[in-house]
Structures are given as structure tokens and as C-alpha cells.
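**Q** Could you work out the structure for the sequence below:
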Amino acid sequence: MATVRAGLARPWARVIIGPVELRGWQPAPLPYKELPGLSATLLREHHRLYEGYMRRWDRVYHRLAEWTDEDGDTFDFGRLLAEEGFLRNAVRLHELYFEQLAPGGAGSPEDYFRDKDSMGLVLDALRRAAASSTGWAVFAADLWRGEEYILTMKDHITGFPAGAWPLIVLDCYEHAYFRELSKDAYIKAFLKNLDWNVVAARSKEALTLQPRDPGWIPA
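**A** Purely as a prediction, here's the structure:
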């Protein structure tokens, strides 16, 4: 298990939820050893990559927390902020990825969609998005519009729209499958092990978070 330092409060950052120390910097444990179609070795190596992102985020976070003018110019500071944004997504997306899987899957997509035609269209579109993506394919809720849609990300940060709340997060980087599987076989194994109860819980969370739509114009 990777060990990283406790978080520091940054003098220029406002903490909204609570002290960073409460969350800590410990990677979330892998909740299973293997999954049907996804070997223990493949999952273990994938999880280690996530732990590495967590360690990198820890280092960058602390550099920003302790930043002074002697550490660099405005552009150096901006580059570090951009790197932290990349690492935040790398960590969070992987946590969402591992959390939503269970041996053999759980729940039912039929119960989630309640419409077989809609279910087929969404899952087919997700498969197509994943097959074409080099980063992530995500089934998300638009918090402002209150609708579900599919997005694809080139990497950990490029292609993630404002207001997106991830419901299904599919890692399409080659590290997730190429040592043992074709991409098509990997996508099939992913969907076979998807926990639809987690997807439903995320959807309920999205409903509680709906903010005012900045593009809405009163009649």
C-alpha cells in the first residue's frame, strides 16, 4: 500500500467541505482480487498505477501549498496548477472506475433504464465511445440540464465538460487491458462486471446536486 503525507491547507485556497486532513492521502484499496475476464495481475498492476498518480498528486499538492516567489515565476506556477488538475482527475477517475466493479456485476441495467430500447442505445454508444477513445469513455449526468449523455476523453483531463457528473467510468488507456486482452474483450469484461447499484447511487447523487443552469433564461 502506498503511503503519502497528510494534506496541507493552502493559504490561497478556500476549503469548503472541511479540513483536507480528514480525507488524507491514502489510496482507496482494491475491493477485489480478480474479476471474470480481468485477471488479478491485470487489476493489481492497474491499481498500482493509480497509487502512483496519488503519490504524484501528493507531491504537486504540497509544492503548491508551500509555494513562494522563489520557487519560480507565474508560468511555473501555472504549469504546476495544470499538472495538479491532470492528477486530480487521474486519481478520481480511477477511484470511480474501481468502485463501480464487482465480481460478475450486480444490479440490473434493465432496472436502471426501465426501457430496453434506451438501454440498448446507451450501451451501444458507450461501447463505440470506448472503442474509439484513448483515455476515458464516460456515461455522465449533466448537472445543469438534468440529462444523461456520453463523453469521451483524450486523456485524464482533455474532454471533461463542466457540470458532468460521472455515472459509468470506463478506462480506455491501453494500460487497462493490452497486456492480456484485446480492447473489445476488455470492454465486454468491464460491462459484465459493472455494478449497476453503484451507477444508480451516483445518479441519485446527481439529482441532489443540480445547481442553477447558467444558460437558463426565464420566460
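**Q** CA atoms for contacts and neighbours, from now on please.
**A** OK.
**Q** Give the closest residue to residue 89 in space, chain neighbours not counted.
**A** Counting by C-alpha to C-alpha, 6 or more residues apart in numbering, residue 89 lies nearest to residue 156, which is 5.7 Å off, once chain neighbours are set aside.
**Q** list the contacts for that neighbour?
**A** Contacts for residue 156 (C-alpha atoms under 8 Å, 6 or more residues apart in numbering) come out as 86-87, 89-90, 93, 135-136.
**Q** go with 6 Å
**A** Residues in contact with residue 156 (C-alpha atoms under 6 Å, 6 or more residues apart in numbering) are 86, 89-90.
**Q** out of these, who has the most neighbours?
**A** With neighbours taken as other C-alpha atoms under 10 Å, the top of those is residue 90, carrying 20 neighbours.
**Q** what element comes up after the worst-scoring helix or strand of the chain on mean pLDDT heading to the C-terminus?
**A** The helix or strand of the chain with the poorest confidence is helix 20-23; it has a mean of 43 (mean pLDDT, DSSP states H and E). Beyond helix 20-23 on the C-terminal side, the first helix or strand identified by DSSP states H and E is helix 40-65.
**Q** relative orientation of whichever helix or strand comes after that following helix and helix 40-65 in degrees?
**A** Reading on from helix 40-65 to the C-terminus, the next helix or strand found by DSSP H and E is helix 74-99. Interaxial angle, helix 74-99 versus helix 40-65 (axes from the mean of the first three to the mean of the last three C-alpha atoms, to 10 degrees): 150 degrees.
**Q** Quick check: what element follows helix 74-99 along the chain?
**A** Using DSSP H and E, the helix or strand that follows helix 74-99 in sequence is helix 109-113.
**Q** Flag every buried residue along that following helix.
**A** Within helix 109-113, the residues scored as buried using 16 or more other C-alpha atoms under 10 Å are residue 109.
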